[in-house]
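Undergrad: What shape does this take:
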Amino acid sequence: SLVTPFATLSHENPKNWGEDAKIFVSDRWVGTDKAAASISTGYWPFGLGRFACPGRFLAVAEIKLMVLNLISRADIFLDGGKYEVVDPLNTVAVPPRGQLRIQPLEKPLL
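TA: As a prediction, this is how the structure comes out:
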């Protein structure tokens, strides 16, 4: 048998992250000295233990560079300012409903 745990159940568990676990708080980790690529039993986007992704630190660094590059060159916004989560237990494979718009800046910031 293949057992596949739902990471979302752990990642949004109020016992691990408090009452606002299901709410996106952009500065939740600011000032906590937690690494972006850390692994724990409560949050495991890169796997756990000996099966943890060996490239997770490189992946996080690349993601940060790509996001910086994008936000320095474009204005990013949601059509209508909102989106809808279609399947809360499968947020990785099932995209939310809504349109993300990217408008190039007249003069890039970087």
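Undergrad: Show the backbone phi and psi for E84.
TA: Per-residue torsions, E84: phi -130, psi 130 (degrees, to the nearest 10).
Undergrad: quick one: contacts for it?
TA: Taking CB atoms under 8 Å, 6 or more residues apart in numbering as the contact definition, E84 lies against P96, R97, G98. Quick note: C-beta positions are derived from backbone N, CA and C, even for glycine.
Undergrad: Where do the strands of the chain begin and end?
TA: Secondary structure of the chain by DSSP state E: the strands cover 74-78, 100-104.
Undergrad: Quick one: mean pLDDT over the longest helix anywhere in the chain.
TA: When the chain is scanned for its longest helix (criterion: DSSP state H), the result is helix 56-71. Confidence over helix 56-71, taken as the mean pLDDT, stands at 92.
Undergrad: thinking again about what came up before, among the contacts of E84, which are located in helices?
TA: Cross-referencing these against helices under DSSP H gives no overlap.
Undergrad: Would you check that Y43 makes contact with S10?
TA: Yes: in this structure Y43 lies within contact range of S10 using CB atoms under 8 Å: 7.0 Å.
Undergrad: Contacts only, for I76.
TA: Taking CB under 8 Å, 6+ apart as the test, what I76 contacts is L70, L100, R101, I102, Q103.
Undergrad: For those residues, which two are the farthest from each other?
TA: L70 and R101 (12.7 Å; CB to CB).
Undergrad: Check the contact lists of Y43 and S10 and give me the overlap.
TA: Taking CB under 8 Å, 6+ apart as the criterion, Y43 and S10 both touch N16.
Undergrad: that older thread, from the contacts of I76, which single one is nearest D20?
TA: Top of the list for closeness to D20, among the contacts of I76 and by CB to CB, is L100 at 23.7 Å.
Undergrad: Understood, closing this out.
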